[in-house]
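> Provided below for reference: sequence and predicted model.
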Amino acid sequence: MTASERIDAARERLGERLAILGHHYQTDAIIRHTDARGDSLELARSLPGAPVEHIVFCGVFFMAESAAVLAQPGQKVHIPDLQASCVMADTAPAGLVAAVLERLNESGRKIVPLAYVNSSVAVKAVVGRHGGSVCTSANAPAMLRWALDQGDGVLFLPDKNLARNTARELGLSASEIEVLDVREGGANIRTEDFAGTRLFCWPGVCSVHHRFKPEHIRRVRAEVPDVRIVVHPESHPDVVQASDAAGSTSFIIKYCREAPAGANICVGTEVNLVHRLAKEFAPGKRIFPLLESECANMAKITEEKLADTLEGLDDAEPVRVPLELAEPSRLALERMLQACA
């Protein structure tokens, strides 16, 4: 049997006990087997209830962790490859985040942490304990506005590009934004230098979206004069400014769907999604990638690994989150879901 046939057989055997969720950056080979697909916020909101016993998350590990935190009692969350991590999330280990946050608060100001969903459950727990919340690329403006209202400043982590692009959208000036030096456990942070700072940015970036450069946009515009360029807000601010539009994966999909017939649309995001959109809207619209930029960690989820996972579900060890991390991280996630209800 092929891997696809093994998946179909396992799905038939498990029936309503199983739900497979897939992130937009998964390959078509995986997406065709999913019950729901979306970006991080959509998938967090679409977690199934009873009678689903097993939730298989086709994405990266921090997403499966978040699903495990939000799952109902008795539900088990699995991921086909435990090594599917996130380069951006790995730039912000929980211990360092806690140390930097403590350093920022030494001045007596209340600095509220706001963690991009691309972060570990341990980081989300730190954020939850300090009165903060979580955001996605779709709701970052709303959640940054929320966080700014909670205290005297915000520590946005781990993506500096999303932080700066969101701040610009809200009208913050350059003098109010600081990208932190988090080396040496935060010892290089001098709080006395940041009296006018309202947004502190962690220095992490997405390995997929940080590859895009303004020269890529200039080249495309020279080659396709009537092109529309839409990019993800994890891209560098110079790239976002040079584009016609920027937004989350859901925004990008909507942008392509609503573009007029005959449009030439260049998309700056993970290439699996771009190629899927190109097929979905062909031949009426031409959609092509700004760069062939693939997420190597998303690509670790293969049909073979998904088949192996499904066939061994009843005996498999699910993704587990310790109680001391689950409760505060759930609080951070629930603050987001309530604020964006």
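Good, I have the coordinates.

> Kindly check the end-to-end length of stretch 69-86 for me.
Start-to-end span of stretch 69-86 (CA to CA, to the nearest Å) is 18 Å.

> which parts of that stretch are buried?
69-71, 75-81, 84-86 (16 or more other CB atoms under 10 Å). Heads up, the C-betas are built off the backbone N, CA and C, glycines and all.

> Low-confidence stretches in the stretch 1-150 of the chain?
Along the stretch 1-150 of the chain, the parts satisfying pLDDT under 70 run over 41.

> What's the biggest helix in the protein, counting residues?
Using DSSP state H to define each element, the chain has its longest helix at helix 323-339.

> Could I get the average pLDDT for that helix?
Average pLDDT, helix 323-339: 92.

> when you give positions from now on, start the count at 473
Okay, using 473 as the starting number, the last item reads as helix 795-811.

> what separates that helix from the chain centre, distance-wise?
Taking the mean of its C-alpha atoms, helix 795-811 sits 16 Å from the chain's own mean (CA atoms, centre = their mean, to the nearest Å).

> Go ahead and confirm residue 664 touches residue 580.
No - with contact defined as CB atoms under 8 Å, residue 664 does not count as touching residue 580 (11.5 Å).

> coming back round to it: convert the longest helix of the chain to CSV, retaining C-alpha atoms only.
Written as CSV, here are the backbone C-alpha positions of helix 795-811 (Å, rounded to 0.1, in the frame of the first residue of the first chain):
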residue,chain,number,x,y,z
LEU,A,795,0.5,21.3,34.4
GLU,A,796,2.8,24.1,35.6
LEU,A,797,3.2,25.3,32.0
ALA,A,798,-0.3,24.3,30.8
GLU,A,799,-2.2,26.6,33.1
PRO,A,800,-0.4,29.9,32.6
SER,A,801,0.0,29.3,28.8
ARG,A,802,-3.7,28.5,28.5
LEU,A,803,-4.4,31.8,30.3
ALA,A,804,-2.2,33.6,27.7
LEU,A,805,-4.0,31.9,24.8
GLU,A,806,-7.4,32.4,26.2
ARG,A,807,-6.7,36.2,26.6
MET,A,808,-6.1,36.3,22.9
LEU,A,809,-9.2,34.3,22.0
GLN,A,810,-11.3,36.5,24.3
ALA,A,811,-9.8,39.7,22.9
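
> same for that helix, what does it pack against?
Other helices and strands packing on helix 795-811, by 3 or more CB pairs under 8 Å, 6 or more residues apart in numbering; DSSP states H and E, are helix 512-517, helix 533-542, helix 593-601, strand 605-607, helix 612-620.

> what's next to that helix, contact-wise?
Contacts of helix 795-811 with the rest of the structure, by CB atoms under 8 Å, 6 or more residues apart in numbering, involve 516-517, 538, 540-542, 587, 593-594, 596-601, 604-608, 611, 614-615, 618, 793.

> Weed out the non-buried ones from the residues you listed.
Neighbour counting with 16+ other CB under 10 Å marks 516, 538, 540-542, 587, 593-594, 596-601, 604-608, 611, 615, 618, 793 as buried within these.

> buried residues in the longest helix of the chain?
797, 798, 800, 801, 802, 803, 804, 805, 807, 808, 811.

> Next one: the second one from residue 525, what distance?
When distance is defined by CB to CB, to the nearest Å, residue 798 is 19 Å away from residue 525.

> ok so, going back, out of the helices and strands packed on helix 795-811, which gets nearest to residue 781?
For residue 781, the closest of these is helix 533-542, at 11.3 Å, according to CB to CB.

> quick one: the strands in this protein?
Remark: strands assigned in the chain by DSSP state E are 490-495, 508-510, 526-530, 548-550, 583-588, 605-607, 625-629, 649-651, 671-673, 700-703, 717-718, 736-740, 758-761.

> Tell me the helices and strands packed up against the third one.
Contacting strand 526-530 under the criterion 3+ CB pairs under 8 Å, 6+ apart are the following elements: strand 490-495, helix 533-542, strand 548-550, helix 775-783.

> I'd like those as TSV, with distance to residue 678 appended.
Supplementary listing: the helices and strands packed on strand 526-530 in TSV, determined by distance: least, CB to CB, whole Å:
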stretch	distance to residue 678
strand 490-495	13
helix 533-542	13
strand 548-550	24
helix 775-783	23
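
> Those: which one's closest to residue 751?
So among these, strand 490-495 is nearest, using CB to CB, at 16.4 Å.

> quick one: contacts of the closest one?
482-483, 502-503, 505-512, 515, 518-520, 524-532, 535, 539, 770, 778, 782, 785.

> right, and residue 589 touches residue 512 too?
Yes - A contact is recorded between residue 589 and residue 512 when judged using CB under 8 Å, the distance being 4.4 Å.
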